[in-house]
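J.: Build me a model:
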Amino acid sequence: MLSKKVDEVLKPMYRKRVPNIALKAANILLSILPPILTGMLIDNLQEYSGDRALYYIGIIAAILVVYFFLDWMQDYYWHKMEFIGMGLVRSHIFSNVMRKDYFFYRDHGVGDIESKVIHDAGIYARSKLSMVPLLVLNIMHIAVVVAILFYHNMTMAFSTLTFSAVFYLIYKLINKKLRKTSLEEREGYSAMLTSANEILSGATTIQLYGEESYFARRFKKTVDRYELLLVGFRKYNGLAHAATNKIVSFMPLAAALVGLNLYLQGGISIGIIVQIYLLLPFLAEPIKALTEYNIDSQNAAVVEARLEELLTEKPEKDDSLIKIDKIHSLEFSNICYKYANGTEVLWDVNFSVRAGDALAVTGPSGTGKTTFLRMLKRQMHPTWGDILINGKKCCEVHERSYLKRIAVLTQEVFVFDDCIKHNIMFGKDISDEVVAEKARLSALGHIDLAKNAKDLSAGERQRMGLARALACQYDILILDEPTSEVDAETETQIIENLKAIQQETGCIFIIVTHSENVLNNLCNKTLELNFPPSRE
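T.: Numbering: from 1, shown residues only. Next comes the predicted model:
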């Protein structure tokens, strides 16, 4: 599936690849002309007058100048194509990651996801765009040079092919280790990123406890492990490069020795020896490129398996599901939930709410309030029982149409690096007047909305999250401890504002709270969660 999806994303780049391939092919053919013309000049030097020799040298110099600019152009346009393609694939995979469910984010570290989206996606996109064309072009490059060698002298051609065969056999032995060590290195890099993200996200708490050294040591362990894996990968990677470099460097020397022997026997001219000597270094780039092709193909195979799960999507059933325009009622009927490890957090939960209701959800820590909220958000599904939306089972209701009709304030408010206004808008097309009104209703009217949201206090962030939720089009407003970070006076103000909103819109409130003020003055129904019988 990954390959087909990426092919669709890269279609515009595949079209641009054609002129780039033609440019590279022209560059390869042009690069071979100076050595050939130089050899011909040497063999015919006695026949040429001074002016003619200079004319010949001028042609060679002109070709070298054109070759320089053509080489620069093809390199620039080829890398431009690769970089744009890498960006397209990274963006596509990232957009798919953003649609993953709760369990995906629970089971994958942030560093692992980052490594796949940024590094692995770049490797895979480059392999899709470049590997096969470059393989063909480099084989063509080698074939042209070898054809010239055969044309001039069979012995020298076979000498070159012998060195190529030696290279192939050596690299084949090395190649088996590359894939294994490449995979291990990628996984180690992901683990290091995950560790760094985890520790940095809690840096302020770590400093408060004075445990900087402890967490620095934890990170060092992941760095040390990655270094060992990287050294293992580089060992075989370097061995492959070293084998290529030595073989390429010996080829002109061997050709010169063979050529001199043939010259002494009268079987070849000095000009041809020079021509072949100058041509053989031009084999260095395609032979090295073939080495890179093997390494890149191993890396591409590794990252393909790592990226595959990022594009795995739940099958859509839009045609068979009920799309809703408004939520009139919500009901939990005999709901139970058991985690994979056997832990039960909800047991026989029953409630129903209709337009205008405000349900308070209470209960001791560990009774399943977070799981309950995730069920409301369709991130988790009950092990037993039914959730009814407008009297229909939730599995029969189109998920996206339901989610569009709810708004959520979580305990941990997500804040991105931008102004408060944009954090409230959260990508929606909302007027400045509406944003200001929602901020006022959330007791945030005294704050300059142009201020960076990163500078807000914990209580202000909570109120900004409430303003963000109020700015949505919703029938159900889900609030998780909405006033836990505010003082009593501000809490009363927010409660009065929420009551006015409900009277105006007739929406449903579902509020997880421990506040007596919220329970007594905002909610008309209460759901108390308790421990399941198995945990009492």
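J.: pLDDT weak spots in the stretch 301-450 of the chain?
T.: 312-319 (pLDDT under 70).
J.: now the strands: where do they sit in it?
T.: Under the criterion DSSP state E, counting those that start in this stretch, the stretch 301-450 of the chain carries strands at the ranges 329-338, 344-354, 358-362, 384-389, 392-393, 406-409.
J.: next one: the last one to chain centre, how far?
T.: Yep, that's strand 406-409 we're talking about. Here the centre of strand 406-409 is set off from its chain's centre by 28 Å, with Cα atoms, centre = their mean, to the nearest Å.
J.: Tell me which other helices or strands that strand touches.
T.: helix 458-470, strand 476-480 (3 or more Cβ pairs under 8 Å, 6 or more residues apart in numbering; DSSP states H and E). In short, each C-beta sits where N, CA and C put it, glycine included.
J.: contacting residues around that strand?
T.: Under the contact criterion Cβ atoms under 8 Å, 6 or more residues apart in numbering, strand 406-409 has outside partners 327, 373, 376-377, 462, 465-466, 468-470, 472, 474-480, 482.
J.: repeat that for 6 Å
T.: 465, 466, 469, 472, 474, 476, 477, 478, 479, 482 (Cβ atoms under 6 Å, 6 or more residues apart in numbering).
J.: Look up how far residue 373 lies from the closest residue to residue 391 other than its chain neighbours.
T.: Spatial nearest neighbour of residue 391, chain neighbours left out: residue 329 (6.7 Å); criterion: Cβ to Cβ, 6 or more residues apart in numbering. From residue 329 across to residue 373, the span is 19 Å (Cβ to Cβ, to the nearest Å).
J.: Neighbour count for the two, which is higher?
T.: Between residue 329 and residue 373, residue 373 has the larger neighbour count (other Cβ atoms under 10 Å), namely 20 against 16.
J.: just to revisit the earlier point, output the helices and strands packed on strand 406-409 as JSON lines; include the columns distance to residue 178.
T.: Below are the helices and strands packed on strand 406-409 laid out as JSON lines (distance: least, Cβ to Cβ, whole Å):
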{"stretch": "helix 458-470", "distance to residue 178": "48"}
{"stretch": "strand 476-480", "distance to residue 178": "49"}
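J.: and those as a markdown table, adding mean neighbour count, mean pLDDT and distance to residue 307?
T.: Below are the helices and strands packed on strand 406-409 laid out as a markdown table (neighbours: other Cβ atoms under 10 Å; pLDDT from 0 to 100; distance: least, Cβ to Cβ, whole Å):
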| stretch | mean neighbour count | mean pLDDT | distance to residue 307 |
| --- | --- | --- | --- |
| helix 458-470 | 23 | 93 | 32 |
| strand 476-480 | 23 | 95 | 34 |
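J.: Am I right that residue 328 is in contact with residue 390?
T.: Yes - between residue 328 and residue 390 there is a contact under Cβ atoms under 6 Å: 5.3 Å.
J.: Give me the neighbour count for residue 61.
T.: Other residues close to residue 61 by other Cβ under 10 Å number 11.
J.: And for residue 124?
T.: 26.
J.: Let me see the confidence value for it.
T.: With respect to pLDDT, residue 124 scores 91.
J.: List the contacts of the closest residue to it other than its chain neighbours.
T.: Nearest non-adjacent residue to residue 124, counting by Cβ to Cβ, 6+ apart: residue 303, 5.1 Å away. Counting by Cβ under 6 Å, 6+ apart, residue 303 makes contact with 120, 123, 124.
J.: Can you say which helix or strand has the second one in it?
T.: To tie it back to what came earlier, the one meant is residue 123. helix 121-126 (DSSP states H and E).
J.: packing partners for the helix or strand following that helix?
T.: Per DSSP H and E, the first helix or strand lying C-terminal to helix 121-126 is helix 132-152. Helices and strands touching helix 132-152, as assessed by 3 or more Cβ pairs under 6 Å, 6 or more residues apart in numbering; DSSP states H and E, comprise helix 11-43, helix 154-201, helix 284-308.
J.: So which elements touch the first one?
T.: I take that to be helix 11-43. helix 50-97, helix 132-152, helix 270-279.
J.: what about the closest residue to residue 148 other than its chain neighbours, how many neighbours?
T.: Of all residues not flanking residue 148 in the chain, residue 279 sits nearest, at 6.5 Å (Cβ to Cβ, 6+ apart). For residue 279, the neighbour count with other Cβ under 10 Å is 25.
J.: How much space separates the closest residue to residue 333 other than its chain neighbours from residue 342?
T.: Closest residue to residue 333 apart from its sequence neighbours, by Cβ to Cβ, 6+ apart: residue 386 at 4.7 Å. Using Cβ to Cβ, residue 386 is found at 23 Å from residue 342.
J.: quick one: which of those two has more around it?
T.: Taking residue 386 and residue 342 together and counting by other Cβ under 10 Å, residue 386 has the greater number of neighbours (14 against 7).
J.: so the more buried one makes contact with residue 334?
T.: No - using Cβ under 6 Å, residue 386 is not in contact with residue 334, being 7.3 Å away.
J.: about what we covered before: ok, now how distant is the residue nearest to residue 148 from residue 132?
T.: 26 Å.
J.: go on, residue 61?
T.: Following Cβ to Cβ, the distance that separates residue 61 from residue 132 is 35 Å.
J.: Residue 464 now?
T.: 51 Å.
J.: Could you do residue 68 as well?
T.: The value you get for residue 68 to residue 132, if Cβ to Cβ is used, is 27 Å.
J.: again with residue 364
T.: Residue 364 is 61 Å from residue 132, by Cβ to Cβ.
J.: Can you give me every residue that contacts the nearest residue to residue 88 once chain neighbours are set aside?
T.: In space, and not counting its chain neighbours, residue 88 is closest to residue 9: 5.2 Å by Cβ to Cβ, 6+ apart. For residue 9, the residues meeting the contact criterion (Cβ under 6 Å, 6+ apart) are 88, 89, 92.
J.: and which of the residues you listed is nearest residue 181?
T.: For the contacts of residue 9, the minimum distance to residue 181 (Cβ to Cβ) is 24.5 Å, reached by residue 89.
J.: and the residue lying closest to that closest one once chain neighbours are set aside, what does it touch?
T.: Computed as Cβ to Cβ, 6+ apart, the closest residue to residue 89 that is not its neighbour in sequence is residue 125, at 3.8 Å. Neighbour list for residue 125: 85, 86, 89 [criterion: Cβ under 6 Å, 6+ apart].
J.: how far away is the nearest residue to residue 417 once chain neighbours are set aside from residue 220?
T.: Sequence neighbours aside, residue 454 is the residue nearest to residue 417 in space, at 5.8 Å (criterion: Cβ to Cβ, 6+ apart). Distance from residue 454 to residue 220, counting by Cβ to Cβ: 29 Å.
J.: Ok, residue 202 next?
T.: With Cβ to Cβ as the criterion, residue 202 and residue 220 are 17 Å apart.
J.: Then residue 44?
T.: With Cβ to Cβ as the criterion, residue 44 and residue 220 are 68 Å apart.
J.: between the two, who's got more neighbours?
T.: residue 44 (14 against 11).
J.: Which residue comes closest to the more buried one once chain neighbours are left out?
T.: residue 271 (7.6 Å).
J.: quick one, what contacts the one you found?
T.: 39, 42, 43.
J.: picking that back up, now, among the contacts of residue 303, which is nearest to residue 211?
T.: The closest of these, once distances to residue 211 are taken by Cβ to Cβ, is residue 120, at 32.9 Å.
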